[in-house]
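> got a predicted model here, sequence first, then my questions.
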Amino acid sequence: MVKENCGVVGVFSLSNHNVLPIVIDSLRALQHRGQESWGIAVPKKNPLKKFGLVSEAASEFQIIIKKYRSHAADDGTVYAARDTKGFRPLVLGYHKETETYIVASESCAFSAVAAQLIRDVDPGEVLKFNGNGVSSEHFLNEKPHAHCAFEYTYFAHPSSIMEKVNVYAARKRIGQFLAKRFPIKGGDVVIPVPDSARPAALGYAQEMSIPFEEGLLKDRYSKKGSFRSFIEPFQKNRLEITSGILPIRDVIAGKNVVVVDDSIVRGTSSTAITRILKLAGARTVSMIITYPPVRYPCYAGIDFPSQAELLAYQEAKDEKSNLVIGSKVSKTIGADHIIYNDTSTLARAIGIAEEELCFTCSTGDYSSLGIKPTFKSRSQMKGQE
Ligand code: SF4
């Protein structure tokens, strides 16, 4: 079972450079993958463990860089392995200036330190870094793969390239494919829910020839303005983030608004956003959701809520039709329409064969994990009961 350490970096310098600046900047670039805590392990020292964002420790960076000085972050020899189905991404890069190999969850970490992406680490591949360079062994490559489709709609950074697919380009294509498959008639304006859905909204608007506008903006100066609501574990914090979204009345008032979002998980943000849009004078609110209905927890590394908390499960437990699920969920959320993507349209837009992608959180088919889970409450999932 994959643990919830979703953003990882392993670094080894062949020329004995202190890799700590690279580690810190790479971790900062992976911050969207988790916001609760972070840490660094180097040989012969107790690991550094911190709560909160990496940037919150900015005043200590110089001390950390000196105190944990090392040519490697993890151990004297660094090992990096990817799960055998390729659920989670892992990429290999190289920083020429310091002759440093880096493995990271996403290639956006390489862009942050001006390193080059070499390639994806294969599912079931283990890489070993030491003074002789990098060597590779494949322990098990289980086909078909099960690359997480949710990475492409929500989780990954748009600049990242995973399985040779740029996430931004994939998101824009998802919007275009949705417009072809599910055109909303009579829409006056297409707006994204910030931030992950922005490229998909642009693709949808361009394909439909409807104006694309920014109708909702995050208040970046509020304490949690740059946080992501779905990966916040506590309801109070999620509400705090959503209430930091401000409408632009001139864009919304009197319009039939098509709003594009990446997913509906608990429904907290979608309900608040619909309310914000209606209060700002929207005539109708139609939601286009780039990911299919989320009804099952993830056991492959994404910190999902328990099944009971998932809105599409609460509203439409065994319903097969996405149209019916959308109609039921729209009543709870207060939107006029909700259109969910489907797995085959999403796979075609991403550009990876459907059978090579994981959609378990939508389909409930856990065969790629080889388990039949018993669904637990959130506190049971966290080991608190
Ligand atoms: S269950 Fe969902 S979130 Fe988890 S790996 Fe599969 S697609 Fe990704």
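Sure, I can see it. Small disclaimer: the values here were computed from a predicted structure and weren't measured.

> show me where this structure has its helices.
For the chain, the helices defined by DSSP state H cover 20-29, 61-67, 108-112, 149-150, 167-181, 198-208, 235-242, 249-252, 268-279, 311-315, 322-333, 343-350, 360-363, 378-381.

> can I get the ones you listed in JSON lines with distance to residue 100, mean neighbour count and mean pLDDT?
Every residue, glycine included, has its C-beta placed from N, CA and C. Shown next, in JSON lines, are the helices of the chain (distance: least, Cβ to Cβ, whole Å; neighbours: other Cβ atoms under 10 Å; pLDDT from 0 to 100):
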{"stretch": "helix 20-29", "distance to residue 100": "6", "mean neighbour count": "23", "mean pLDDT": "97"}
{"stretch": "helix 61-67", "distance to residue 100": "15", "mean neighbour count": "13", "mean pLDDT": "96"}
{"stretch": "helix 108-112", "distance to residue 100": "11", "mean neighbour count": "23", "mean pLDDT": "98"}
{"stretch": "helix 149-150", "distance to residue 100": "31", "mean neighbour count": "26", "mean pLDDT": "98"}
{"stretch": "helix 167-181", "distance to residue 100": "24", "mean neighbour count": "22", "mean pLDDT": "98"}
{"stretch": "helix 198-208", "distance to residue 100": "31", "mean neighbour count": "23", "mean pLDDT": "98"}
{"stretch": "helix 235-242", "distance to residue 100": "35", "mean neighbour count": "16", "mean pLDDT": "55"}
{"stretch": "helix 249-252", "distance to residue 100": "46", "mean neighbour count": "17", "mean pLDDT": "97"}
{"stretch": "helix 268-279", "distance to residue 100": "39", "mean neighbour count": "20", "mean pLDDT": "94"}
{"stretch": "helix 311-315", "distance to residue 100": "44", "mean neighbour count": "22", "mean pLDDT": "95"}
{"stretch": "helix 322-333", "distance to residue 100": "46", "mean neighbour count": "18", "mean pLDDT": "97"}
{"stretch": "helix 343-350", "distance to residue 100": "31", "mean neighbour count": "20", "mean pLDDT": "98"}
{"stretch": "helix 360-363", "distance to residue 100": "36", "mean neighbour count": "22", "mean pLDDT": "96"}
{"stretch": "helix 378-381", "distance to residue 100": "37", "mean neighbour count": "14", "mean pLDDT": "62"}
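
> same list, those helices, but as a markdown table with distance to residue 91 please.
A markdown table is the format used below for the helices of the chain (distance: least, Cβ to Cβ, whole Å):
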| stretch | distance to residue 91 |
| --- | --- |
| helix 20-29 | 11 |
| helix 61-67 | 24 |
| helix 108-112 | 7 |
| helix 149-150 | 18 |
| helix 167-181 | 12 |
| helix 198-208 | 20 |
| helix 235-242 | 29 |
| helix 249-252 | 37 |
| helix 268-279 | 30 |
| helix 311-315 | 32 |
| helix 322-333 | 32 |
| helix 343-350 | 17 |
| helix 360-363 | 23 |
| helix 378-381 | 29 |
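
> okay, those helices in TSV with distance to the ligand next?
Output for these, formatted as TSV (distance: least, Cβ to the nearest ligand atom, whole Å):
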stretch	distance to the ligand
helix 20-29	21
helix 61-67	32
helix 108-112	18
helix 149-150	4
helix 167-181	14
helix 198-208	17
helix 235-242	18
helix 249-252	31
helix 268-279	17
helix 311-315	13
helix 322-333	16
helix 343-350	10
helix 360-363	3
helix 378-381	14
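
> between those, which gets nearest to residue 142?
Of all these, helix 360-363 sits nearest to residue 142, with 14.8 Å by Cβ to Cβ.

> which strands and helices sit next to the closest one?
Contact partners of helix 360-363 among helices and strands, from 3 or more Cβ pairs under 8 Å, 6 or more residues apart in numbering; DSSP states H and E: none.

> if we use 10 Å, what do you get?
Applying 3 or more Cβ pairs under 10 Å, 6 or more residues apart in numbering; DSSP states H and E, one finds that helix 360-363 contacts helix 149-150, helix 343-350.

> can you list contacts of it?
Helix 360-363 is contacted by residues 87, 146, 148-150, 263, 265, 291-300, 302, 304, 307, 310, 312, 322, 340-343, 346, 366-369, 373 when judged by Cβ atoms under 10 Å, 6 or more residues apart in numbering.

> can you flag which of the residues you listed belong to strands?
148, 340 (DSSP state E).

> quick one, what contacts the residue lying closest to residue 169 once chain neighbours are set aside?
In this structure, residue 169 finds its nearest non-sequential neighbour in residue 199, 7.9 Å apart by Cβ to Cβ, 6 or more residues apart in numbering. Taking Cβ under 10 Å, 6+ apart, we find residue 199 in contact with 158, 167-175, 192, 260, 290.

> do that again at 8 Å, thanks
By Cβ atoms under 8 Å, 6 or more residues apart in numbering, the contact list for residue 199 reads 158, 168-169, 171-172, 175.
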